[in-house]
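Structure of the sequence below:
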Amino acid sequence: MTTLRQLEYLVTVVDTGSFTRAAELLHVTQPALSHQVRALERSVGGTLLERLPRAVRLTPMGRAVLPHARAALADAERLQTAARLAAGLDCGELELATVYSVSLGILPPVLRAWRRQHPQVRIRLREYRHNDELRAAMAAGQADVAVGTPPPDWEGPIRELGVEEFVLALPAEDEMTDRRTVPLAELAQRSWVHYAPGNGLAELVDGVCAEVGFRPRAAVRTEQTAAAPLLAAAGLGPALVPANIVPPGFDGLVRRPEPPVRRPLVAYTRTRPDPLTAAFVDLLARQACLLPPHVSALLGA
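Presented below is the predicted three-dimensional model:
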């Protein structure tokens, strides 16, 4: 039978790249470590590690098993934490994962409200460039709850948060000043403020522009979601951004694109959430502001 200790040994060997270093970290002898790894391999029915002269390498089966091993260890640690929190929600740690744009536009007021209600609960925030990376991290046990777009083929609980709207950011003197909506096709000949490759918003922008018949030409690409509306206001080109990241006091134009660009947002967990995580998700569902009032005013809504 597979044990948590065997999974811990496997993960440590992989992370250190060496049986010798792993044994030192785990405070066991190298023969004992090797014995437990071989026992794990017998349990799963195949070789997990290829022993090379100066390193170890995961086999295909090992690569398949490793994420589940990490998730099992993380769940075991959270089980212990949940047991310690059984008396209430006034202490502990919540591990939260999301994509860059959500951590910037939606989470700050939610976390402010959470801190007021649960000042002794620590928050560990993990941020990812793409929703695919977020889903993989969540499946690997890297967080208690993830906030992003609906993950495909997810078997755990999912809580709908609403629909996020995207807007066009433009310089204040742009010719679209008198328009409340801007057809994306009319911007086909412009150079755009775009997102860096690997950022999930780059894929979104390319996709919505392709639907109206063009590929956006990048004047500049940014890794920082918060920079996109500011660069657009500075005149580098139009930017398509989540409405909730447009800062108060924004000195550019904000217009709705035509066709509208929207995406659903959810919170999801691997299993039924513990009381601490459930309380956070409930607060998130109540407090998440997908279209801030100052952006609504800029749009004339």
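
ok, now how distant is Val295 from Leu201?
17 Å (Cβ to Cβ, to the nearest Å). For the C-beta atoms, the positions are set from N, CA and C on the backbone; glycine is no exception.

do Arg115 as well
Arg115 sits 28 Å away from Leu201, going by Cβ to Cβ.

out of these two, which sits in the busier spot?
Using other Cβ atoms under 10 Å as the criterion, Arg115 and Leu201 rank with Leu201 on top: 24 against 12.

Tell me which helix or strand that one sits in.
helix 200-211 (DSSP states H and E).

Equivalent analysis for Gly162, please.
Going by DSSP H and E, Gly162 is in strand 158-170.

and the direction of that strand versus that of helix 200-211, what angle?
70 degrees (axes from the mean of the first three to the mean of the last three Cα atoms, to 10 degrees).

buried stuff in the helix holding Leu201?
For helix 200-211, the neighbour count (16 or more other Cβ atoms under 10 Å) marks 200-202, 204-205, 208-209 as buried.

which outside residues touch it?
For helix 200-211, contacts defined as Cβ atoms under 8 Å, 6 or more residues apart in numbering pick out 99, 101, 129-132, 166, 184, 188, 192, 194-196, 215-216, 221, 225, 228, 240-241, 257, 259, 261, 263.

contacting residues around the helix or strand just after that helix?
Sequence-wise, the next helix or strand downstream of helix 200-211 (DSSP H and E) is strand 217-222. For strand 217-222, contacts defined as Cβ under 8 Å, 6+ apart pick out 190-197, 202, 228, 231, 236-237.

Neighbours of the closest residue in space to Tyr100 that isn't next to it in sequence, how many?
Once flanking residues are discounted, Tyr100 sits nearest to Thr225: 5.0 Å by Cβ to Cβ, 6 or more residues apart in numbering. Neighbours of Thr225 under the rule other Cβ under 10 Å: 23.

does Thr225 count as helix, strand or coil?
coil (DSSP: H, G, I helix; E, B strand; the rest coil).

That one reaches Ser101, doesn't it?
Yes - using Cβ atoms under 8 Å, Thr225 is in contact with Ser101, at 4.6 Å.

Mind telling me the two of the contacts of strand 217-222 farthest from one another?
Using Cβ to Cβ, the two most remote members of these are Arg190 and Pro197, lying 20.0 Å apart.

Give the bridge partners for the closest residue in space to Arg262 that isn't next to it in sequence, please.
Excluding its sequence neighbours, the residue lying closest to Arg262 (Cβ to Cβ, 6+ apart) is Val163, at 5.0 Å. Under DSSP bridges, the beta-bridge partners of Val163 are Pro264.

Since that was my last question, I'll sign off now.
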